[in-house]
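J.: okay, sequence plus prediction incoming.
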2 protein chains.
Amino acid sequence: MRFTFLGTSAGTPTAQRNVTALALNIDDNRDWYLIDCGEGTQHRLLHSHHSSAKLKAIFITHVHGDHCYGLPGLIASANMSGRTDALTICAPDGIEQYIRATFAHTDVHNLRFPLNFVRSDADDFHYCDNAIDISAIAMSHRVPCFAYHIKEIPPTHIDEAKLEALGVPRGPQWHQLQQGQDAILDNGDTVHASTVCSPAWPARKVVVGGDNDQPSLLHNALQDCDLLIHEATFTEDILAKVGPQYMHSTAAMVAKTAADTNLRHLILTHFSQRYRSGNSSKNKHKNQHTVSDLYKEARQLYQGNLLLAEDLQSFQLEKNKRLVKL
Amino acid sequence: MRFTFLGTSAGTPTAQRNVTALALNIDDNRDWYLIDCGEGTQHRLLHSHHSSAKLKAIFITHVHGDHCYGLPGLIASANMSGRTDALTICAPDGIEQYIRATFAHTDVHNLRFPLNFVRSDADDFHYCDNAIDISAIAMSHRVPCFAYHIKEIPPTHIDEAKLEALGVPRGPQWHQLQQGQDAILDNGDTVHASTVCSPAWPARKVVVGGDNDQPSLLHNALQDCDLLIHEATFTEDILAKVGPQYMHSTAAMVAKTAADTNLRHLILTHFSQRYRSGNSSKNKHKNQHTVSDLYKEARQLYQGNLLLAEDLQSFQLEKNKRLVKL
């Protein structure tokens, strides 16, 4: 699974960071998924290798503009580029209304492809295709907001030696078992799919948090999770100054949850624009805050693999669960 | 008058060009005006010297997304930056509804500053402040679209020698005359403001066209105009291929109108993404179209000062009506 950060700034863009958007590919597959779509996401995509024609589905965490104002332009541009495949947009209440009102007022009629809106704030929300399975976890923010829990569906490995030993003839019954269905042999014996099939490799599991001031809400999901991507808008000192009303996390809050759940890999993103790139020791004379302040704060509480996102940076979560910066 | 191109691409952004937006300053004054606001305009502004706090008014030519999808983000970011001054938005029907619907669905309530929407498609539309006077001219496009006719209001020069010869005492009556009001002297004589006041320099006049397939509609406005900034989406050969249904101009169409009206300065913008930057002779082996194709086509018909816009390029129309690339 490959994650490409298209925007890592909270609220407003900076000269270095765009507002939130994250692309997900399943390894080298050109199909991809988009999680959040702040203004200028289509501009960032011009500098990555993601084609709007290959975008399978979009997942929006919440209705704030820095997470969704790029949707109308992205969709309109995909339409102008000739896309005809349906596009699924999983989002909480408000996003469909926003898109439909925008298009109604700005002369976008008769898209060449259907938009399939799915309410991700519904109790039974579940997205599933042949590659991934995604569910939503309610976060704590100023508006309804959701983390997305992404589970890979690895291809099925079939134990050929065992099938031959059991006398299952190569052909339709092999295919049936590979699809997860039990097979009944000519001699009346039943072969259970679960005894001869297994995932080709252990499924990779990732949580991508939305805006959220209670990372501990992810405690259960993180019990069996390889990677958490979560906002860390502030350090503790800045949160104390600005107050809790924006309902964002500090680096320390996320790090504590990651430590409590023995999380292997943590990527922080969605930084307040006051944190400049680079190291604070270099910028000390200017009394500037830098992203290294966020890193240091998180590092004090979390000893796992800790990374801070940059725009257009890609990370590969490999099948062996290692996380590699590309 | 200083024009800074924030986006020069038609329809969709490219890696080099953003969609349409144009900033106008009156010389070195930090107050500025924005004409059109495609997605990513606030991002371009991070690379210019325009502060959202100093934005006096926005003028939108028409409702197509590549001319207005940057508005919600620009306004929301100005709000987060602490702007409190009212913002005037002059736009045709649809833009106010689009902004209000967007904000209603995306949790933007209680902006710190009022938005004053003015319908620029109204017959009596007129924007005027102490520096400029702007009216609208109907264009020919797929939706109602307007060019903006911008006339500078130069400061008033008062003829001091004449006032003293006429015996007008220095004081309130000088001020009254400078405001354009006639003054009655103690001896009963009337001094007409028009006889002692004149513009400090000849007003600069500029037309900024919207999307339009009939540049000749600007014929009257261009009779007394220093500079036209107009879209030239296609060359004639490409228009013949794609057909007229998008209702855009070719470089030749604009150049012909400029020549017919003896226009002094013409800047073309809003180029189809098929036209790459650079010179076609260098790109010939790739059979690529370049913006030099547009230049050559216009040059054949128009012998005035012809320029093609680039993103983040500024042009100064000086008081002596010279146009200088900054």
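T.: Cool, the structure landed. Numbers count the residues shown, from 1 in each chain, chains lettered A, B, ... in the order given.

J.: ramachandran angles for the residue positioned nearest the centre of chain A?
T.: For chain A, the residue lying nearest the average C-alpha position, counting by Cα atoms, centre = their mean, turns out to be A:Val208 (4.4 Å). For A:Val208, the backbone dihedrals are phi -110, psi 110 (criterion: degrees, to the nearest 10).

J.: now do A:Phe117
T.: Reported as degrees, to the nearest 10, the phi and psi values for A:Phe117 are phi -80, psi 130.

J.: may I have the beta-bridge partners of it?
T.: Legend: beta-bridge partners of A:Phe117 under DSSP bridges are A:Ile89.

J.: check contacts around it.
T.: Residues near A:Phe117 by Cβ atoms under 8 Å, 6 or more residues apart in numbering or on different chains: A:89, A:91, A:95-96, A:99. C-beta here means a position set from N, CA and C on the backbone, and glycine is covered the same way.

J.: chain B versus that one, what's the distance?
T.: Relative to chain B, A:Phe117 is positioned 13 Å away (Cβ to the nearest Cβ, to the nearest Å).

J.: repeat that for A:His149.
T.: A:His149 sits 24 Å away from chain B, going by Cβ to the nearest Cβ.

J.: same question for A:Ala15.
T.: Plainly put, A:Ala15 is 5 Å away from chain B if you go by Cβ to the nearest Cβ.

J.: could you pull out the helices in chain A for me?
T.: Taking DSSP state H, the helices of chain A run over residues A:41-45, A:65-68, A:71-80, A:95-105, A:160-166, A:172-178, A:193-196, A:219-222, A:236-242, A:251-260, A:280-283, A:291-301.

J.: low-confidence stretches in chain A?
T.: The model of chain A has pLDDT under 70 over residues A:279-286.

J.: now with 80, please.
T.: Counting by pLDDT under 80, chain A has low-confidence residues at A:278-287.

J.: that one against chain B: which residues are in contact?
T.: Residues of chain A found near chain B, taking Cβ under 8 Å from any Cβ of the partner chain as the criterion, are A:11-15, A:18-19, A:39-40, A:42-43, A:46-47, A:63-66, A:68-70, A:72-73, A:76-77, A:80-81, A:94-95, A:97-98, A:101-102, A:105-108, A:142-143.

J.: just the buried members of the residues you listed?
T.: In terms of neighbour count (16 or more other Cβ atoms under 10 Å in any protein chain shown), the buried residues within the residues of chain A next to chain B are A:11-14, A:18-19, A:39-40, A:42-43, A:63-66, A:68-70, A:72-73, A:76-77, A:94-95, A:98, A:101-102, A:105-106, A:108, A:143.

J.: if we can go back for a sec, identify the farthest-apart pair in the contacts of A:Phe117.
T.: The span of those, defined through Cβ to Cβ, is set by A:Ala91 and A:Ile99 at 8.9 Å.

J.: more neighbours, the two?
T.: Between A:Ala91 and A:Ile99, A:Ala91 has the larger neighbour count (other Cβ atoms under 10 Å in any protein chain shown), namely 27 against 21.

J.: how about the residue lying closest to the more buried one once chain neighbours are set aside, what does it touch?
T.: Here the nearest residue to A:Ala91 in space, its sequence neighbours aside, is A:Ile60; by Cβ to Cβ, 6 or more residues apart in numbering or on different chains that works out to 3.7 Å. Residues counted as contacts of A:Ile60 (Cβ under 8 Å, 6+ apart) are A:35-37, A:67-68, A:71, A:89-92, A:95, A:120.

J.: do the same with A:Asn29
T.: A:Asn29 sits next to A:Ala131 when contact means Cβ under 8 Å, 6+ apart.

J.: now it: how far from A:Ile58?
T.: A:Asn29 sits 17 Å away from A:Ile58, going by Cβ to Cβ, to the nearest Å.

J.: mind checking how far stretch A:32-45 is from the chain centre?
T.: With Cα atoms, centre = their mean, to the nearest Å as the basis, stretch A:32-45 stands 12 Å off its chain's centre.

J.: in that stretch, what's buried?
T.: Within stretch A:32-45, the residues that qualify as buried are A:32-45, counting by 16+ other Cβ under 10 Å.

J.: what does stretch A:151-158 give?
T.: Applying a neighbour-count criterion of 16+ other Cβ under 10 Å, one finds A:151-152, A:154, A:158 buried in stretch A:151-158.

J.: what is the nearest of the residues you listed to chain B?
T.: Checking the buried residues of stretch A:151-158 against chain B with Cβ to the nearest Cβ, the nearest one is A:Lys151 at 29.5 Å.

J.: from A:Ile184, how far out is the closest one?
T.: Distance from A:Lys151 to A:Ile184, counting by Cβ to Cβ: 31 Å.

J.: then A:Cys225?
T.: If you measure A:Cys225 against A:Ile184 using Cβ to Cβ, the figure is 38 Å.

J.: of these two, which one has the most company?
T.: The residue with more neighbours, out of A:Cys225 and A:Ile184 and counting by other Cβ under 10 Å, is A:Cys225; that gives 21 against 11.

J.: mind listing what the closest residue to the more buried one other than its chain neighbours touches?
T.: Spatially, and ignoring its direct neighbours in sequence, A:Cys225 is nearest to A:Lys205 (4.9 Å; Cβ to Cβ, 6+ apart). With contacts defined as Cβ under 8 Å, 6+ apart, the neighbours of A:Lys205 are A:149-152, A:224-227.

J.: the same query, at a cut-off of 6 Å, please.
T.: Contacts for A:Lys205 were tallied using Cβ atoms under 6 Å, 6 or more residues apart in numbering or on different chains; they are A:151, A:225-226.

J.: just want the residue of the stretch 151-300 of chain A that's nearest chain B.
T.: When you check the stretch 151-300 of chain A against chain B by Cβ to the nearest Cβ, the closest residue turns out to be A:Gln273, at 9.3 Å.

J.: without its sequence neighbours, what residue ends up closest to that residue?
T.: Excluding its sequence neighbours, the residue lying closest to A:Gln273 (Cβ to Cβ, 6+ apart) is A:Thr14, at 4.9 Å.

J.: now do A:Phe146
T.: For A:Phe146, the spatially nearest residue (Cβ to Cβ, 6+ apart) is A:Ala136, at 4.1 Å.

J.: the one you found contacts A:Asp124, correct?
T.: No - with contact defined as Cβ atoms under 6 Å, A:Ala136 does not count as touching A:Asp124 (10.3 Å).

J.: who's more crowded, those two?
T.: Between A:Ala136 and A:Asp124, counting by other Cβ under 10 Å, A:Ala136 is the more crowded of the two (24 against 6).

J.: beta-bridge partners for the more buried one, please?
T.: A:Tyr148.

J.: ok, now which ones touch it?
T.: A:120, A:125, A:146.

J.: is it possible to get JSON lines of the buried residues of stretch A:151-158 that adds distance to B:Ala255?
T.: Below are the buried residues of stretch A:151-158 laid out as JSON lines (distance: Cβ to Cβ, whole Å):
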{"residue": "A:Lys151", "distance to B:Ala255": "59"}
{"residue": "A:Glu152", "distance to B:Ala255": "57"}
{"residue": "A:Pro154", "distance to B:Ala255": "61"}
{"residue": "A:Ile158", "distance to B:Ala255": "69"}
